[in-house]
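In: Generate coordinates for the sequence data below:
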Amino acid sequence: MKALETAPQVTVRNVLFATDFSSYSNAALPYALAVAHQYGVKLYAAHVLSTEAYLFATPETWPALVEQHEEREQIDFACLETHLRGVPHEVLSPVGDISDVLFRLIHDHNIDLLVLGTHGRTGLPKLLMGSVAEKIFRHCSCQVLTVGPHVARGEKRVAAFNRILLATDFSDESLAAVPYAISLAQEHQAHLSLLHVLREPAAGTVNLVSDAAFLVRRMEKLVPPGPDFPFQPEYLVEFGAAPEQILGFARRHGVDLILLGVRAPVWGPGAGTHFSHTIAQQIVAQASCPVLTVRG
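Out: Okay, here's the model as predicted:
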């Protein structure tokens with residue numbers, strides 16, 4: 001098992017906030033500002049004008065559509081600039097396929113963290129986040145902070161991370177989130193909880209008490225208590241299905257941020273992990289707080 005001393009240090013240099021100026025996107029801005037403020041980094045705000053906007057319009061209506069869009073965009077960008085005041089930032093308005101453009105911006109500007117809001121949908125699980133957000137979530141090369149549809153809209157310009165939950169299954173992918181949990185808890189002077197979820201075994205097959213105690217000791221080795229924390233970490237074991245237990249814990253304890261380690265983007269078939277993209281997406285779509293997915 002990787003010890004805390006050998007875990008990679010968190011480096012946040014540039015943050016990208018993706019917006020379409022909808023209420024869902026606006027809900028994510030305070031969290032992008034919170035990270036930018038706390039780490040003192042540059043914040044890029046990108047509104048991508050998708051070519052699909054003119055897909056079903058006739059050529060003779062394009063000039064009117066362009067004029068209408070530009071008028072609306074001027075108002076939205078002026079509002080955005082007001083929110084970004086006091087933070088080193090750059091506002092971008094590229095044109096193209098939304099996910100492809102964002103991937104290019106991440107590469108060109110050395111982005112360490114992408115922040116975006118997403119809406120929820122009924123139907124198939126892959127539609128829970130919307131097609132664009134789902135593609136970004138699966139294939140983005142950097143860490144992604146996603147603000148789902150059930151996150152309460154606050155009035156604060158800059159969000160606060162007072163309670164942070166790290167869900168871990170001890171896989172390599174899951175362990176990648178450990179240094180982020182430590183760094184964020186220290187930077188934001190937050191309470192940090194570590195949670196491991198076990199499936200409920202058949203009665204009499206295992207000793208739940210001893211198993212839970214063993215898992216708590218493993219979590220203590222991952223994130224040992226110490227003077228660098230404003231509040232000493234707590235270590236918990238729950239029984240049941242991982243998404244339900246993680247979401248329930250976050251709601252009951254007023255968690256402000258959930259951290260999940262997920263498999264890095266791969267092409268072709270690969271073995272699933274405990275926090276697979278499907279499970280992670282389910283948590284994002286239903287969580288009452290933002291979810292930070294960290295690539296293993």
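In: Tell me which stretches of the stretch 151-296 of the chain form strands.
Out: 163-167, 191-198, 234-239, 257-262, 291-295 (DSSP state E, counting those that start in this stretch).
In: which of those strands sits most buried?
Out: Mean neighbour count (mean count of other CB atoms under 10 Å) peaks for strand 257-262 among those, with a mean of 27. From N, CA and C alone the C-beta is placed, and that goes for glycine too.
In: quick one: it to chain centroid distance?
Out: Remark: strand 257-262 is offset 7 Å from the chain centroid, using CA atoms, centre = their mean, to the nearest Å.
In: list the helices and strands it packs on?
Out: Applying 3 or more CB pairs under 8 Å, 6 or more residues apart in numbering; DSSP states H and E, we find strand 257-262 packed against strand 163-167, helix 172-175, helix 178-187, helix 277-286, strand 291-295.
In: Any idea what residue 239 is bridged to?
Out: residue 198 (DSSP bridges).
In: still on that earlier bit, of all the strands of the stretch 151-296 of the chain, which one is nearest residue 47?
Out: Smallest distance to residue 47 across the strands of the stretch 151-296 of the chain (CB to CB): 22.6 Å, for strand 291-295.
In: Please export the C-alpha coordinates of that closest one as CSV.
Out: Extracted C-alpha coordinates of strand 291-295, given in CSV (Å, rounded to 0.1, in the frame of the first residue of the first chain):
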residue,chain,number,x,y,z
VAL,A,291,-17.8,15.7,-6.9
LEU,A,292,-14.1,15.8,-7.7
THR,A,293,-12.9,12.8,-9.8
VAL,A,294,-9.2,12.3,-9.8
ARG,A,295,-7.6,10.3,-12.5
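In: just the angle between that strand and strand 257-262, please?
Out: 30 degrees (axes from the mean of the first three to the mean of the last three CA atoms, to 10 degrees).
In: picking up where we left off before, which one of the helices and strands packed on strand 257-262 lies nearest to residue 102?
Out: Nearest to residue 102, of the helices and strands packed on strand 257-262 and by CB to CB, is strand 291-295 at 15.2 Å.
In: residues making contact with the closest one?
Out: Where contact means CB atoms under 8 Å, 6 or more residues apart in numbering, the residues beyond strand 291-295 that reach it are 137, 141-146, 148, 173, 176-177, 180, 184, 257-265, 280, 283-284.
In: Let's have the strands of the stretch 151-296 of the chain in a markdown table, adding mean pLDDT and distance to residue 22.
Out: Shown next, in a markdown table, are those (pLDDT from 0 to 100; distance: least, CB to CB, whole Å):
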| stretch | mean pLDDT | distance to residue 22 |
| --- | --- | --- |
| strand 163-167 | 97 | 27 |
| strand 191-198 | 95 | 32 |
| strand 234-239 | 94 | 35 |
| strand 257-262 | 94 | 22 |
| strand 291-295 | 91 | 19 |
